[in-house]
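S.K.: whatever this is, show me its structure:
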Amino acid sequence: MLLTLVLLLASAPQTDVKAAPEKSKAPAVEAAKDSKPEAAPVPAPEEVSYLPGQLTPVALARAGDTPASKSNDAQPDPAPAIPFAPAIRGPIEIPSPAQRRTWYALTIVSSGAATFDAWTTRRAITQGYGREMNPTLRPFAGNAGLYAVIQASPLLMDYVGRRMMTSRYRLVRKMWWLPQSAGTAVSVVSGAHNLAIAP
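M.R.: Residues are numbered from 1 along each chain as shown. A predicted model of the protein is given here:
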């Protein structure tokens, strides 16, 4: 956030041009003092600003200037407008009450299927006729932590399904139920496999 603020402030247009540093002017001023008793006053730098819709700086009028004293050649042509993406790309699709009920039902079923898979896996491991094949779940296979860890996949699939339900793309919105259903199917098949290998 701090980086964003710094970039925002660094890209703000400057309203005036600063004069050169004093160190670079010092030799010229000393040389002028040596050659002439009174040096001519240094003209003030011209102030510039960015006008709305333009990318090039435009000189600002000073109090003593009149429009007749400035030539029209000093004013650059305005730059073309820069196309930009709209801030809002369209209405966000709001899920219907039936879709929400189905999403909640799939959430409960997928968590239940994952719990069933965890129970059958733990049962197979403790009775000695099976082992955990998933390397990410292997450290938790022998204890009750397996029940909590195995819920990560259904939660991720629930989140993906919810995001798909409110997507901008029509095809994605129509397939929002697929991640939850696939996760549920994998958990049920894994649990059934664990029961099938039991003696």
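
S.K.: now do the buried residues in the one helix or strand Asp117 maps to.
M.R.: Asp117 belongs to helix 97-126 when assigned by DSSP states H and E. If you call a residue buried by 16 or more other C-beta atoms under 10 Å, then helix 97-126 has these buried ones: 99, 102-103, 106-107, 109-111, 113-122, 124-125. Backbone N, C-alpha and C define where each C-beta goes, glycine included.

S.K.: would you mind identifying the next helix or strand past that helix?
M.R.: helix 145-149.

S.K.: what does that next one contact?
M.R.: Thr115, Ala118, Trp119, Thr121, Arg122, Leu137, Phe140 (C-beta atoms under 8 Å, 6 or more residues apart in numbering).

S.K.: same thing but at 7 Å, please
M.R.: Here helix 145-149 makes contact (C-beta atoms under 7 Å, 6 or more residues apart in numbering) with Thr115, Ala118, Thr121, Arg122, Leu137, Phe140.

S.K.: which strands or helices does the following helix or strand past that helix pack on?
M.R.: Later in the chain than helix 145-149, the nearest helix or strand by DSSP H and E is helix 152-165. With contacts taken as 3 or more C-beta pairs under 7 Å, 6 or more residues apart in numbering; DSSP states H and E, helix 152-165 sits against helix 97-126, helix 170-174, helix 178-196.
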